[in-house]
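Undergrad: next comes the sequence, and after it the predicted model I'd like to discuss.
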Amino acid sequence: MENPLLLSPQLNASSRVKSLYKIMKSMNKEGAKPETKHRAQEKRNRLSLLQKSELQRNVDLDKFEELAKASSKSPETVKKWGESFDMLISQKAGLDAFTRFLKTEFSEENIEFWMACEDYKKSKGLSQLSHKAKKIYETFIEKEAPKEVNLDFTIKEQTNQNISHPTINTFDAAQTKIYTLMEQDSYPRFLKSSLYLDLLHGRPQGCTALRRRSRSFTFNEFKDAQPDFAIWL
């Protein structure tokens with residue numbers, strides 16, 4: 001029978017480690033040998049590895065919950081994302097899904113630039129325009145920028161000139177170029193991706209793998225491996 005203390009995702013990493021420690025201690029209470037300095041160090045190393053493993057499992061479960069929330073959109077809603085690129089990015093859930101897809105292709109700077117431009121257009125006052133324009137230019141447009149987007153020389157030069165006297169329309173040409181690039185290049189691949197198809201059919205990504213992992217430790221398995229736990233105690 002599986003130990004609910006070890007399998008419950010509601011327990012934090014520390015609680016599961018303590019529960020595991022108590023089980024192993026009771027299993028080896030009799031016949032324990034005096035530990036050497038080497039054995040004590042090895043115990044600490046193994047316990048540290050277990051704690052890291054449990055913490056990573058918590059992170060995986062958090063990611064699964066995020067994916068489950070994204071997949072909560074009805075198939076009808078997800079299907080509409082396939083009608084047009086504008087329909088996809090006009091909805092937060094669609095924008096989030098498309099951003100995750102671009103990250104798998106290492107091109108998320110495109111959607112980040114587009115969103116930065118949308119935010120820029122909401123600026124109030126010349127001071128805010130100047131500050132945001134400088135930040136966008138240094139992040140996405142100037143040569144060797146940390147998230148440089150793919151713009152031709154003409155648009156870069158035009159944008160560079162606009163920066164000195166920023167207006168609401170400073171990045172219009174660059175934003176349109178990147179929007180077209182995503183619409184014609186990335187969007188068709190997104191619609192064929194497993195990420196989109198899983199959402200379309202209501203299949204949360206990572207569900208199977210995480211469920212299998214959550215059942216990887218059972219009480220019976222611990223019992224069978226009893227001799228190995230002597231070094232922990």
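TA: Looks like it arrived, so ask away.
Undergrad: the nearest residue to Glu109 once chain neighbours are set aside: which element?
TA: Among residues not flanking Glu109 along the chain, Lys147 sits closest, at 3.9 Å (C-beta to C-beta, 6 or more residues apart in numbering). Every C-beta, even on glycine, is put in place using the N, C-alpha and C of the backbone. Using DSSP states H and E, Lys147 sits in no helix or strand.
Undergrad: equivalent analysis for Tyr187, please.
TA: In the assignment (DSSP H and E), Tyr187 maps to helix 187-192.
Undergrad: repeat that for Tyr196.
TA: helix 194-200.
Undergrad: give me the helices and strands touching that helix, please.
TA: helix 75-80, helix 92-104 (3 or more C-beta pairs under 8 Å, 6 or more residues apart in numbering; DSSP states H and E).
Undergrad: hey, which of these is tucked in deepest?
TA: With neighbours taken as mean count of other C-beta atoms under 10 Å, those reach their highest mean count in helix 92-104, at a mean of 17.
Undergrad: after that one, which helix or strand is next?
TA: Proceeding C-terminally, helix 92-104 gives way to helix 109-120 as the next helix or strand, assigned by DSSP H and E.
Undergrad: His131 versus Leu88, what's the distance?
TA: 30 Å (C-beta to C-beta, to the nearest Å).
Undergrad: these two: which is more packed in?
TA: Leu88 (23 against 13; other C-beta atoms under 10 Å).
Undergrad: wait, the more buried one touches Gly94, no?
TA: Yes. Counting by C-beta atoms under 8 Å, Leu88 touches Gly94, with 4.3 Å between them.
Undergrad: can you pull the residues that touch both of the two?
TA: Common neighbours of Leu88 and Gly94, using C-beta atoms under 8 Å, 6 or more residues apart in numbering, are Trp81.
Undergrad: residues near Thr159, how many?
TA: As a burial measure, Thr159 scores 23 neighbours (other C-beta under 10 Å).
Undergrad: excluding chain neighbours, what is closest to it?
TA: Here the nearest residue to Thr159 in space, its sequence neighbours aside, is Ala174; by C-beta to C-beta, 6+ apart that works out to 5.1 Å.
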